[in-house]
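> Below: sequence and its predicted model.
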Amino acid sequence: MNDKLLAGLNPEQLSAVTWPAKSALVLAGAGSGKTRVLTTRIAWLLSTGQASPAGVLAVTFTNKAAREMQTRLAAMIPVNVKAMWIGTFHGLCNRLLRIHYRDAGLPQTFQILDSGEQQSAIKRLLKALDVSDEKFPPKAVQQFINGNKEAGVRAHAIPAPMNPYEAKLIELYAAYDAQCNREGVADFAELLLRSYELLSRNEALAAHYRERFRHVLVDEFQDTNRLQYAWLKLLAGTDNALFAVGDDDQSIYAFRGAEVGNMHALLRDYGISAPIRLEQNYRSAGTILDAANALIEHNDGRLGKQLWTDAGSGDPIRVFEGFSDGEEAQFIVDEVKSLVRDGWNLSDMAVLYRSNAQSRILEHVLVQAGVAYRIYGGLRFFERQEIKHALAYLRLAINPDDDNALLRVINVPSRGIGARTVENLQTASRERGISLWQAACGAGTGRTGGKVAEFVLLVEKLRARCEHLSLAEKISLVVDDSGLRAMYEADRKEGEERLANLDELVNAALGFMPHEPELAVVEFLTQASLEAGDHQADASEDALQLMTVHASKGLEFDAVFIGGLEEGLFPHENSFSDSKGLQEERRLMYVAITRARKRLYFSSAQSRMLHGQSRYPIRSRFVDEVPAELLQHLSATVKTAAPRRAAWQDEPAPAFVRNNSLAGWRIGQALSHSKFGSGVVISAEGAGDDVRLQINFAEHGIKWLDLRYAADKLTPA
Ligand SMILES: Nc1ncnc2c1ncn2[C@@H]1O[C@H](COP(=O)(O)OP(=O)(O)OP(=O)(O)O)[C@@H](O)[C@H]1O
Ligand SMILES: [Mg+2]
């Protein structure tokens, strides 16, 4: 059995898998088998009897990666992987807190606030405290709170504030925590901090888990932040084996406080003399690997790794530059369809993008073309309005003191309870230190009081009727009895889709397997918060995979499309100001490239709608950091003879648009023509004296102009 498990591993992998029961760091590049080593090690520990399924804790970064690890493990040995402690940091912390909710000072049914809900909670707080949300934008307050939580710092522990503004932020942080405690809710960062505190304050409990989890394994270790590392140290103690795998070149969460420094700390704290290195890449064709290696060379301060493959060089990387973002999307979809005709599976192909907003246009084209797709992260089933409404009713049915839920639906569907009434309730709740629900119960009769009383009655009824129903029945019931169904039935425009989503919610509940049946609702709501995006398409359906580069970490696909390779988008404009930011963008690009097994596409657009505006970006520097001999250009739109690369290679990146040396003009430049008026240069061809510009004129549309004749009619705008 072991032989079979270990067969096919190379000597370094074998050494890592069968490493004695002590700590280790596997430091190796993308596709070298880190995750495979980690999973195989768990299987090996179990099958050799060195560990029991209950004695292993394994952490990964995304839900998808955690599930993948479970699937791979289940394929290797017969074990109930669902019962094992394999999950994301958030998932495992949640599990810990559910078990020890009392010690953690949380109600058993505590709800998780996602990022949007956290922001509304902060907005509510600002209002209650009469703090201007212009001076203290909720988003900034949120960042301050989460940043501190992720560093493990509570409000009272922040050292003396540097100025009154910071003092106020600290005050808001404390008030926010108090509000969350009152309402029995926890945001994402809270899950981690709270469970860290639980263990650090409760030595007996920590000792119990240390006794239990003799093996703690971490994937993607380069992306752990300080608190996560401290949490791991608490759990692993110094005697247990902390087995971490990672790649400094794939560190992409520095903006959220992740520290590559944790790798050094791990070596030091656990007396590891040298990291284990894996150098053979098993994932990608040679060309793809060469591209990744060449790109990441542009970064400095790397720990340094070699990667080689004995796979052939494979296809060149195909580069497409579309005229517009629509054309780019169309290219991707056409190409996907042609690959399918050639026998590729849709689910083995992925489109990766830097920002979530980019998915919309792709979705549009995919829908038109009738290509099935799934989106991970981003547009989330559980973030859709109708789903949130239904879940809010469900939450009220189990805990009416849930202020967030109550505020969401007190007037949905509309029942004549206006903002004024809600404000009165909020005042009452604040003054008397009670929940909104309690305030509503005492709202009296009067004209609006009567409406509130009706709502109270509705919720009471839902509570009573829900009691003995299954989860799916409960959801059906709240959807019907709350009036949501009727409301969407009356909505001609979007109702149909929303009703379909609500039905899908019931389906999700039907297929839901709770760990503890009596906590099914809580577990379901928890999953809804943790696993956004999982029920939007039938998981078994063959579908194209869409996701941000961040979400693609650790995954692999036969064909990968990296879209929107434009300066300002990828690298993101926010990263232009410092070289650290740019290097993180480059690592992100390295992650994107190394997801591909056989086929890789780079695409970009010369004009793009972004934040409601047309932009005329130029191609990303990252395309040009890949050696030209690895690329095959597919588009004919830009035929500038001028070497684009030379034009901007060494510059920083001050703006979207840089000079392309087209007789003094550049792509993206605004100008005006004596006859056609104002316009923007969108592409060009020719060189020297023979240059033609394609210009998009505001009033006269797109025209090609020959500079030999038109030069004197043009002036820069
Ligand atoms: N010894 C091996 N023989 C054959 N295939 C292997 C071997 N080791 C790993 N692979 C395969 O190579 C691919 C990449 O492995 P894996 O995902 O574990 O790499 P990784 O180092 O975790 O990559 P990343 O850094 O992207 O997370 C997988 O398909 C894996 O099954
Ligand atoms: Mg991996």
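Perfect, thanks for sending it. Ligands and ions are numbered 1, 2, ... in the order given.

> CA atoms for contacts and neighbours, from now on please.
Noted.

> Show me what from the chain comes close to ligand 1.
8-10, 29-36, 282-283, 554 (CA under 6 Å from any ligand atom).

> Repeat the analysis, applying 8 Å as the threshold.
8-10, 13, 28-38, 219-220, 246-247, 250, 281-283, 553-556, 591, 594-595 (CA under 8 Å from any ligand atom).

> Please indicate which of the residues you listed are buried?
9, 13, 28-38, 219-220, 246-247, 250, 281-283, 553-556, 591, 594-595 (16 or more other CA atoms under 10 Å).

> contacts for stretch 403-416?
Under the criterion CA atoms under 8 Å, 6 or more residues apart in numbering, residues 117, 121, 183, 389, 392-393, 395-396, 400, 417-418, 422, 435-437, 448, 451, 455, 482-484, 487 lie in contact with stretch 403-416.

> Over to stretch 164-174?
141, 144-145, 154-156, 158, 161.

> Check those residues for burial and list the buried ones.
141, 144-145, 154-155.

> Save these as a markdown table, and put in distance to residue 561 and pLDDT too.
Listed next are the buried ones among the contacts of stretch 164-174 as a markdown table, based on distance: CA to CA, whole Å; pLDDT from 0 to 100:
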| residue | distance to residue 561 | pLDDT |
| --- | --- | --- |
| 141 | 36 | 94 |
| 144 | 35 | 94 |
| 145 | 36 | 96 |
| 154 | 42 | 96 |
| 155 | 44 | 95 |
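
> so of those, which ones are in helices?
141, 144-145 (DSSP state H).

> before we move on, the earlier item: out of the buried ones among the residues of the chain next to ligand 1, which are inside strands?
Counting by DSSP state E, these place 28, 246 in strands.

> Tell me the first helix or strand C-terminal of the lowest-mean-pLDDT helix or strand in the chain.
Here the helix or strand of the chain ranked lowest by mean pLDDT, DSSP states H and E is helix 644-648, holding a mean of 33. Going down the chain from helix 644-648, the next helix or strand is strand 670-673, by DSSP states H and E.

> What mean pLDDT does that next one get?
When pLDDT is averaged over strand 670-673, the result is 86.

> which helices and strands does it pack with?
strand 677-687, strand 714-716 (3 or more CA pairs under 8 Å, 6 or more residues apart in numbering; DSSP states H and E).

> quick one: buried residues of the last one?
Of the residues in strand 714-716, those with enough neighbours to count as buried (16+ other CA under 10 Å) are residue 714.

> Ok, stretch 455-467 next?
Applying 16+ other CA under 10 Å to stretch 455-467 flags 455-456, 458-459, 462-463, 466 as buried.

> go on, stretch 333-353?
In stretch 333-353, counting by 16+ other CA under 10 Å, buried: 333, 336-337, 345-353.

> tell me the mean pLDDT over it?
96.

> got a list of contacts for it?
Contacts of stretch 333-353 (CA under 8 Å, 6+ apart): 359, 362, 365-366, 369, 371, 542-549, 552, 557-564, 592.

> Just the buried residues from the residues you listed, in ChimeraX please.
Buried subset of the contacts of stretch 333-353, written as a ChimeraX selection, criterion 16+ other CA under 10 Å:
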select :359,362,365,366,371,542,543,544,545,546,547,548,549,552,557,558,559,560,561,562,563,564,592
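
> about what we covered before: which of the residues of the chain next to ligand 1 fall in helices?
Per DSSP H, the subset of the residues of the chain next to ligand 1 in helices is 13, 34-38, 591.

> wait, which of the residues you listed is closest to ligand 2?
The shortest approach to ligand 2 among those belongs to residue 35, at 4.1 Å (CA to the ion).

> Skipping adjacent residues, who's closest to the closest one in space?
Counting by CA to CA, 6 or more residues apart in numbering, the nearest residue to residue 35 once its immediate chain neighbours are dropped is residue 219, at 6.6 Å.

> For this protein, list the residues in contact with ligand 2, please.
Contact residues (CA under 5 Å from the ion) of the chain with ligand 2: 35, 554.

> try 6 Å
For the chain, the residues in contact with ligand 2 (CA under 6 Å from the ion) are 34-35, 554.

> Break down the stretch 351-500 of the chain into its helices, ranges please.
359-369, 385-398, 403-409, 419-432, 436-441, 447-466, 471-481, 484-489, 495-510 (DSSP state H, counting those that start in this stretch).

> CA atoms only: put the second one into PDB for me.
So that's helix 385-398. C-alpha atoms of helix 385-398 as PDB (Å, rounded to 0.1, in the frame of the first residue of the first chain):
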ATOM      1  CA  GLN A 385     -30.100  40.300  -3.000                       C
ATOM      2  CA  GLU A 386     -32.900  37.700  -2.900                       C
ATOM      3  CA  ILE A 387     -30.700  35.100  -1.300                       C
ATOM      4  CA  LYS A 388     -29.600  37.600   1.400                       C
ATOM      5  CA  HIS A 389     -33.200  38.500   2.000                       C
ATOM      6  CA  ALA A 390     -34.300  34.900   2.400                       C
ATOM      7  CA  LEU A 391     -31.400  34.100   4.700                       C
ATOM      8  CA  ALA A 392     -32.100  37.200   6.800                       C
ATOM      9  CA  TYR A 393     -35.600  35.800   7.400                       C
ATOM     10  CA  LEU A 394     -34.100  32.500   8.300                       C
ATOM     11  CA  ARG A 395     -31.700  34.100  10.700                       C
ATOM     12  CA  LEU A 396     -34.500  36.000  12.300                       C
ATOM     13  CA  ALA A 397     -36.400  32.800  12.700                       C
ATOM     14  CA  ILE A 398     -33.600  31.300  14.800                       C
END
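
> Since that was my last question, I'll sign off now.
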